[in-house]
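1. With the sequence up front, the predicted model follows.
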There are 2 protein chains.
Amino acid sequence: MLIGHYIHGLDDKKRISIPAKWRSILGKKVVITSGLDKSLFVYSLKEWQKIADKLSELSFTNKDTRSFTRFMLSNAFEADLDSVGRILITDALKSFANIKKKAVLVGMHSKVEIWGEEEWEKYSNANNKSADSIATKLSEIGIL
Amino acid sequence: MLIGHYIHGLDDKKRISIPAKWRSILGKKVVITSGLDKSLFVYSLKEWQKIADKLSELSFTNKDTRSFTRFMLSNAFEADLDSVGRILITDALKSFANIKKKAVLVGMHSKVEIWGEEEWEKYSNANNKSADSIATKLSEIGIL
DNA sequence: GGTAAAGGTGGGATATTGTGGGAGATATCT
DNA sequence: AGATATCTCCCACAATATCCCACCTTTACC
């Protein structure tokens, strides 16, 4: 289970370290793609396969599913962890998530999200304020 | 699995490089034809055979499937990769996809799409905006 | 608190890839 | 048939990505 968050820097070669704790879970190869809220999604090869299978079931003659599949696949990139556990962030993904010098890696169950530092600050600040009201909602529906 | 996208230039001889990562998947010979949304489809010989089989199963008496089959087959031709992994784009296909100096190669599971650069920009800009609808799609197929 | 291990960062050498161009073979037109 | 244009195969170069090793900081442990 991937949890917690880490702030790591991107070097000149656009590499970023995957936290050591997560490496055994993610494996040697991962797939990174554009996600939601200006973040990137990182999947283990196994998890990605599940998604890819579902996508390939969609018919390419339907216009909507075509554009959705293109969104998911065109920015996807199979990245190998190097000998010290880093992956490469392509230019396209880097600018999609608005990542500058530092990025935030967030553990989200089975996948990792990567955020640009500023974007993360903005998002989590806005979200912490509403955490109370979310907690209230959760208790109302009996989860917490 | 073919994923990601690359921007490559067409030289004076109308050749374009197939990304090195994809060559082992596509093989030495590919079939290129006019696709959907003003893009070209590139299949490995094996995948093309599947498509051709499916097309032949379609009813000849139906007007729509007839014209679709014609559309897929009439512009298809077999292209060999040269010694450094390039294929030739005929004038007909080049103008069909409105390819000028640069083209975008998009990995779509089992096939590659080739877009004119401007066309790709237009298309992806028009589609990336709707993150909500993407989230909806994701939950529909059970990813989130 | 000091020492050892582990994790994150940086940089250099090498191999690979994308692109351009040339020579020979093939086709086309007068 | 000859000349001209086109296509195909092959080689060369420059840019870039990949691999590998070394450093430095932080963490853990005695």
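-> Perfect, thanks for sending it.
2. which parts of chain A sit against DNA strand C?
-> By the rule CB under 7 Å from any atom of the strand, the part of chain A lying against DNA strand C is A:6, A:8-9, A:11-13, A:16-20, A:84-86. Heads up, the C-betas are built off the backbone N, CA and C, glycines and all.
3. Identify those among those that sit within strands.
-> Assignment to strands by DSSP state E places the following of the residues of chain A next to DNA strand C there: A:6, A:8-9, A:16-17, A:86.
4. if we can go back for a sec, and the residues of chain A next to DNA strand C, which of them are buried?
-> With burial judged by 16 or more other CB atoms under 10 Å in any protein chain shown, the buried subset of those is A:6, A:8, A:16-19, A:86.
5. Closest one of those residues to B:S67?
-> A:I16 (49.2 Å; CB to CB).
6. mind checking how far the closest one is from A:N98?
-> 15 Å (CB to CB, to the nearest Å).
7. likewise A:M1?
-> 28 Å.
8. what residue ranges in chain A are flagged as low confidence?
-> A:128-131, A:142-144 (pLDDT under 70).
9. Name whatever forms a beta bridge with the residue most central in space within it.
-> The residue lying closest to the centre of chain A (CA atoms, centre = their mean) is A:F41, at 2.0 Å. Using DSSP bridges, the bridge partners assigned to A:F41 are A:T33, A:E113.
10. can you pull the contacts of it?
-> A:32-35, A:111-113 (CB atoms under 8 Å, 6 or more residues apart in numbering or on different chains).
11. and the two most separated of the residues you listed?
-> Pairwise over the contacts of A:F41, using CB to CB, the maximum falls at A:S34 and A:V112, 13.8 Å.
12. Look at these two and report which has more neighbours.
-> Legend: neighbour count by other CB atoms under 10 Å in any protein chain shown for A:S34 and A:V112, higher for A:V112 (25 against 21).
13. Contact partners for that one?
-> Counting by CB under 8 Å, 6+ apart, the residues that A:V112 touches are A:2, A:18, A:22, A:26, A:41-42, A:105-106.
14. Then A:L26?
-> Here A:L26 is in contact with A:2, A:18, A:42, A:44, A:81, A:112 (CB under 8 Å, 6+ apart).
15. Reformat those as JSON lines; add distance to DNA strand D.
-> Below are the contacts of A:L26 laid out as JSON lines (distance: CB to the nearest atom of the strand, whole Å):
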{"residue": "A:L2", "distance to DNA strand D": "18"}
{"residue": "A:I18", "distance to DNA strand D": "14"}
{"residue": "A:V42", "distance to DNA strand D": "16"}
{"residue": "A:S44", "distance to DNA strand D": "18"}
{"residue": "A:L81", "distance to DNA strand D": "9"}
{"residue": "A:V112", "distance to DNA strand D": "19"}
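16. Distance to A:L138 added to these, as TSV?
-> Formatted as TSV, the contacts of A:L26 follow (distance: CB to CB, whole Å):
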residue	distance to A:L138
A:L2	22
A:I18	31
A:V42	27
A:S44	29
A:L81	36
A:V112	24
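17. between the residues you listed, which is nearest DNA strand C?
-> DNA strand C has its nearest neighbour among those in A:I18, at 6.9 Å by CB to the nearest atom of the strand.
18. pretty sure that closest one is in contact with A:L88, am I right?
-> No. Contact status for A:I18 versus A:L88: not in contact, 11.4 Å apart, counting by CB atoms under 8 Å.
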